[in-house]
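S.K.: quick one, what's the 3D model for this:
(2 chains)
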Amino acid sequence: MITGIKGMNDILPGEVETWQYLEEQARRIFAAYGFAEIRVPVVEKTDLFCRSIGESTDIVEKEMYSFTDKGGTSITLRPEGTASVMRSFIEHKLYAQDPVARLYYLGPMFRYERPQKGRYRQFHQIGAEAIGIDDPRVDAQLMAMLTHYLDEVGIRDVELQVNSLGCPECRPAYRQALIFFLQPQLEALCEDCRRRWCTNPLRVLDCKVPGCREATAQAPSILDHLDTPCADHFSRVRAALEDLAVPFAVNPRMVRGLDYYTKTTFEVVTGNLGAQNAVAAGGRYDRLIQDLGGPPLPGIGFAMGLERLVLLKGEERIAPPRPALFLAALGEAAGRQAFRLMCSLQRRGLRAETDFEGKSLKAQMRRAGRLQARFVLILGEEELARQIGQLRDMDAGTQEEIALGELAERLLERLGQRETLDAVR
RNA sequence: GUGGCUGUAGCUCAGUCGGUAGAGCACUGGAUUGUGGCUCCAGGUGUCGAGGGUUCGAGCCCCUUCAGCCACCCCA
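M.R.: Next comes the predicted model:
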């Protein structure tokens, strides 16, 4: 048996409806905030990710699906979406028409990691990017949109956390201050954190080991080391969030896995995802476009992990659509008629089903019941001769004769009635 | 890359002290001729993840290997 690839999952009927729902709501809500979809390839030249995400990040160092194509170019399955969107934005000079762009994307991302709960080698993100405005209100607006979306699709028990990582002018000083602070405490830190102290000291603040948390309890905060523009930006972001009544918590220990972030960073976290806690994450990247060879335009964006949203929805599945009608036919002539009727209903957009195996009426009724058909049309020799059928309401258990010529109309009428009733309830 | 747990029917899982495998669900047929869900009856399916070893005999014990899950690292 040929199986799928580790960490790459099939999304089967029964679950796919939830995916479709989450995607549709994102399209609808993001559109209201002025975002347009952009579709970019799932592979890019490897250099793009090295330059944007950062050479020394874990993603670039050990998690990329990179290979050489037949032309000798090193290409990589995208580990995230922002780099590709920025490449496209720059390549097509979208800033020439309008220096402000709001773009969203959705699709698969790839990272070579050991799979675990909420974490896969092929995973899916919905992301949004707002380019060209450095006003803090844009930061707040993006977080408001994200919060609005999660609320709308019924994701509960989450918290929006915000932080500022400063900029290349002020972050190095903080980094030094943190290194100085941690140096005398190295003994108290875990093995991983002693390594982090050298490689990425900010990560020490994020460690879960109790000993490390104690040792860093009095550590300097990045928020006290921001320079004036960064501090001002951050306070205006918070003010704007308050103004919009978006609940949030400041988390000065929040760290990022990608190098391009500046100033505002944010995460939506939950305790219901096993070892994972992030549902969505994002931040400002005011240097990225320039670093990739574009104009000096600022940007901010976020991405949500679809698998994680689906996981949080849990058993709360979106019900697949029910067939409007199952045509139960007895005998060959009735079978032909049922097949014709089914096709004509389908052309009118009504989901209809029938039996192709000449089964007994009992068996056909059982199948109709299992498919949760709203109605069944029973068509035997006698009905066929009179050009009528028995229309059975499967929910009510009632049945009436109807003329075959009126089938579609009667069906639409009664389905409409039903929908009205549902709406009233 | 490291560690732990688990692999038995399509699915969820039992399987005693080592004696050649079971249940529920699902599926199919039936319980008055042409009427679903509930109930009852009947029916089939397994390289017991794979390979090797111990043993008269292995689903069970030992070794190897593969896969899945979970956790670490890191992250959506």
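S.K.: where do the strands of the stretch 151-300 of chain A begin and end?
M.R.: A:159-164, A:249-250, A:262-273, A:276-284, A:299-305 (DSSP state E, counting those that start in this stretch).
S.K.: which parts of the stretch 1-150 of chain A sit against RNA strand B?
M.R.: Within the stretch 1-150 of chain A, the positions lying close to RNA strand B (C-beta under 7 Å from any atom of the strand) are A:3, A:6-7, A:9, A:57-59, A:63, A:80, A:111, A:113-120, A:123, A:125. Placement of C-beta: from N, CA and C, glycine included.
S.K.: so which of the strands of the stretch 151-300 of chain A is the most packed in?
M.R.: Highest mean neighbour count among these (mean count of other C-beta atoms under 10 Å): strand A:299-305, with a mean of 24.
S.K.: list the buried residues of the helix or strand that comes right after that strand.
M.R.: Remark: after strand A:299-305, the chain's next helix or strand is helix A:306-313, criterion DSSP states H and E. Buried residues in helix A:306-313, counted by 16 or more other C-beta atoms under 10 Å: A:306, A:307, A:308, A:309, A:310, A:311, A:312, A:313.
S.K.: near RNA strand B, which of those show up?
M.R.: Within the buried residues of helix A:306-313, those near RNA strand B by C-beta under 7 Å from any atom of the strand are A:307, A:308.
S.K.: secondary structure element holding residue A:411?
M.R.: Assigned by DSSP H and E, residue A:411 falls in helix A:407-424.
S.K.: pLDDT on that helix, on average?
M.R.: Helix A:407-424 carries an average pLDDT of 70.
S.K.: just stretch A:294-301 next, same as before
M.R.: pLDDT averaged over stretch A:294-301 gives 96.
S.K.: ok, residues contacting that stretch?
M.R.: Residues from elsewhere that reach stretch A:294-301, judged by C-beta atoms under 8 Å, 6 or more residues apart in numbering: A:82, A:85-86, A:89-90, A:95, A:99, A:127-134, A:138-139, A:142, A:264, A:282-286, A:288-290.
S.K.: dump that stretch to CSV, restricted to CA.
M.R.: Extracted in CSV, the C-alpha atoms of stretch A:294-301 (Å, rounded to 0.1, in the frame of the first residue of the first chain):
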residue,chain,number,x,y,z
GLY,A,294,11.8,47.0,-3.0
PRO,A,295,11.0,50.5,-2.0
PRO,A,296,11.2,51.5,1.7
LEU,A,297,7.6,50.7,2.5
PRO,A,298,6.5,49.5,5.9
GLY,A,299,4.2,46.5,6.4
ILE,A,300,2.4,44.5,9.0
GLY,A,301,0.7,41.1,8.7
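S.K.: quick check, that stretch touching RNA strand B?
M.R.: No: Stretch A:294-301 lies out of reach of RNA strand B by C-beta under 7 Å from any atom of the strand, never closer than 10.8 Å.
S.K.: next one: stretch A:237-252
M.R.: No: Stretch A:237-252 lies out of reach of RNA strand B by C-beta under 7 Å from any atom of the strand, never closer than 13.1 Å.
S.K.: in that stretch, what counts as buried?
M.R.: The neighbour-count check on stretch A:237-252 (16+ other C-beta under 10 Å) flags A:237, A:238, A:240, A:241, A:246, A:248, A:251 as buried.
S.K.: wait, the last one touches residue A:160, no?
M.R.: Translated: residue A:251. No: counting by C-beta atoms under 8 Å, residue A:251 sits too far from residue A:160 to count as a contact (9.7 Å).
S.K.: now the residues of the stretch 1-150 of chain A next to RNA strand B: which count as buried?
M.R.: A:7, A:9, A:57, A:59, A:63, A:80, A:111, A:113, A:118-120, A:123, A:125.
S.K.: which one of those residues is nearest residue A:406?
M.R.: Taking C-beta to C-beta as the measure, residue A:406 lies nearest residue A:9 of those, at 46.3 Å.
S.K.: quick check: phi and psi on the closest one?
M.R.: Main-chain dihedrals, residue A:9, degrees, to the nearest 10: phi -110, psi 150.
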